[in-house]
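Visitor: sequence and predicted structure are below.
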Amino acid sequence: MGSEQAVTTATPASPGKSFVPGFYFREETAEPAFRDAATAVPVFLYAGPGNLSDDPAIVELKSFALFTKMSGEDAHLRQSFFASAVKGYFENGGARCFIASLGTGAADAIKEKVDKVINAIPVCTLMCVPRDMDAFDLQSASDTWSAVLAACEASRRVFALIDLPKDPAEAKGLLEHLQNTAGARDALGYGAAYWPPVEVEGGHVVLPCGMVAAAIEKTDRNRGVWKAPANVVLANVYNTTSDVTKVTALFENEGNLGVNAIRVFPGRGVKVWGCRTLVAKQDKNRSFVQSSRMLSYIENNLQRLSRFAVFEPSNEITWVKLHNIIHAWLHGLWLKGGLAGATEKEAFRVLVGRDESMTDADILKGELKADIAFALQQPLQFINLQIRMIGDELTVASPSNAGGASQ
């Protein structure tokens with residue numbers, strides 16, 4: 001599903017044409033009935049003075065030239081860490097992105113603003129907040145990232161790319177603060193941190209989030225969401241601000257800090273060298289960037305595929321339709337290499353129906369449930385999801401997360 005198909009149409013001869021009576025065939029390209037949701041479209045949130053500080057409308061960019069034109073004569077914005085992050089995104093092959101103002105304030109106020117941005121951009125799946133790391137403030141940075149991570153978790157769609165300050169002690173302090181902050185602690189699987197900042201032409205220091213966003217987009221496009229966005233060369237980068245091989249405190253597994261290195265490999269360039277999220281290592285469902293993003297990708301596509309069933313009769317016909325649609329999509333995903341397993345049975349399972357995913361009591365209450373299990377490539381295990389419909393509300397969630405995300 002999601003690919004174009006050639007359709008051959010049999011057409012009777014038209015009376016107005018000088019054809020011999022009979023049937024004639026023509027081939028047309030049919031548009032697919034369902035396209036997969038976008039996988040790697042970043043939004044850059046600006047938290048500083050300048051032309052973007054007055055909370056303008058969200059702006060879509062398809063080139064850095066458009067950003068330069070938009071920023072006008074604002075020297076502060078054009079020379080900011082924000083501008084360099086957006087530039088790094090496009091220089092590394094990024095196709096399009098969005099920008100919006102984040103503003104300042106307490107974590108609750110920031111989260112409300114981030115929620116609005118996420119809801120206003122349905123295709124947004126990555127989030128970057130390039131901050132001025134020369135004026136690092138632990139509390140401000142923690143408030144910002146706590147709010148962003150909480151908003152990403154609430155959306156179950158967006159993944160945060162976190163820049164850390166140049167100083168390793170400050171970087172470690174920020175990560176430990178996030179892991180001990182209530183708002184962020186439960187959302188660590190929806191973000192990944194990258195360190196250290198990098199050096200570009202002229203010795204300018206640039207935060208890596210924009211480049212990493214472009215690397216994720218290219219990996220998704222060339223290989224798929226399930227491929228780890230690591231071992232990727234960053235374009236126009238000449239060095240890093242620190243040698244990660246000499247700063248082990250940020251990368252030791254015992255602390256579960258989950259930092260992904262930007263490493264220099266002589267003769268091979270500067271590469272993204274890691275794919276861990278911020279989550280503790282024992283929680284394997286969202287311990288890796290590709291696993292976390294793959295879960296969000298599957299959940300969001302299953303929601304879109306299942307919406308037709310809202311207000312449909314809860315009977316065998318609807319159940320079969322839902323089963324077949326979900327099965328066909330997961331089968332296509334498995335054939336592309338997105339799911340583990342040598343056979344379809346090992347890769348996924350879809351159950352829809354009485355005594356399979358629903359009881360008589362569920363049916364009498366007007367609920368439609370589908371139990372789906374699938375094996376991610378990394379880590380290799382089954383993740384259980386449940387689709388549940390009550391009235392006009394549709395949720396897709398794991399059984400352990402009864403709330404889910406309603407749409």
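Guide: Yes, it's here.
Visitor: who does the helix or strand residue 141 falls within touch, helix- and strand-wise?
Guide: Using DSSP states H and E, residue 141 sits within helix 138-155. Where contact means 3 or more CB pairs under 8 Å, 6 or more residues apart in numbering; DSSP states H and E, helix 138-155 is packed against helix 107-120, strand 159-163, helix 168-179, helix 182-185, strand 191-195. For every residue, glycine as well, the C-beta is placed using N, CA and C.
Visitor: contacts for stretch 233-241 next, please.
Guide: Residues from elsewhere that reach stretch 233-241 (CB atoms under 8 Å, 6 or more residues apart in numbering): 88, 91-93, 166, 196-201, 205-206, 208, 211, 215, 262-264, 268-272.
Visitor: looking at the helices and strands packed on helix 138-155, which is closest to residue 348?
Guide: strand 159-163 (22.7 Å; CB to CB).
Visitor: the closest one pairs with which strands, parallel or anti?
Guide: Strand 159-163 has its sheet partners listed here by DSSP bridges as strand 126-128 (parallel), strand 191-195 (parallel).
Visitor: redo those as JSON lines? Include distance to residue 108.
Guide: Output for these, formatted as JSON lines (distance: least, CB to CB, whole Å):
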{"stretch": "strand 126-128", "distance to residue 108": "18"}
{"stretch": "strand 191-195", "distance to residue 108": "18"}
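Visitor: and the ones you listed as JSON lines, adding mean neighbour count, mean pLDDT and distance to residue 296?
Guide: Converted to JSON lines, the strands paired with strand 159-163 look like this (neighbours: other CB atoms under 10 Å; pLDDT from 0 to 100; distance: least, CB to CB, whole Å):
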{"stretch": "strand 126-128", "mean neighbour count": "26", "mean pLDDT": "97", "distance to residue 296": "11"}
{"stretch": "strand 191-195", "mean neighbour count": "26", "mean pLDDT": "94", "distance to residue 296": "12"}
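Visitor: look up how far residue 265 lies from residue 236.
Guide: According to CB to CB, to the nearest Å, residue 236 and residue 265 sit 16 Å apart.
Visitor: which of those two has more neighbours?
Guide: residue 236 (14 against 11; other CB atoms under 10 Å).
Visitor: gap between residue 150 and residue 299?
Guide: Counting by CB to CB - residue 150 and residue 299 are separated by 18 Å.
Visitor: which residue sits closest to residue 325, ignoring its sequence neighbours?
Guide: Of all residues not flanking residue 325 in the chain, residue 305 sits nearest, at 5.3 Å (CB to CB, 6 or more residues apart in numbering).
Visitor: shouldn't the one you found be within a helix?
Guide: Yes: residue state for residue 305 (DSSP: H, G, I helix; E, B strand; the rest coil) corresponds to a helix.
Visitor: quick one, grab the pLDDT at it.
Guide: Listed pLDDT for residue 305 reads 92.
Visitor: which one is residue 186 nearest to, not counting chain neighbours?
Guide: residue 153 (6.8 Å).
Visitor: show me the contacts for that neighbour.
Guide: 186-187, 189-190.
Visitor: among those residues, the buried ones, what's the PyMOL command?
Guide: Buried residues within the contacts of residue 153, by 16 or more other CB atoms under 10 Å, are selected in PyMOL with:
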select buried, resi 187+189+190
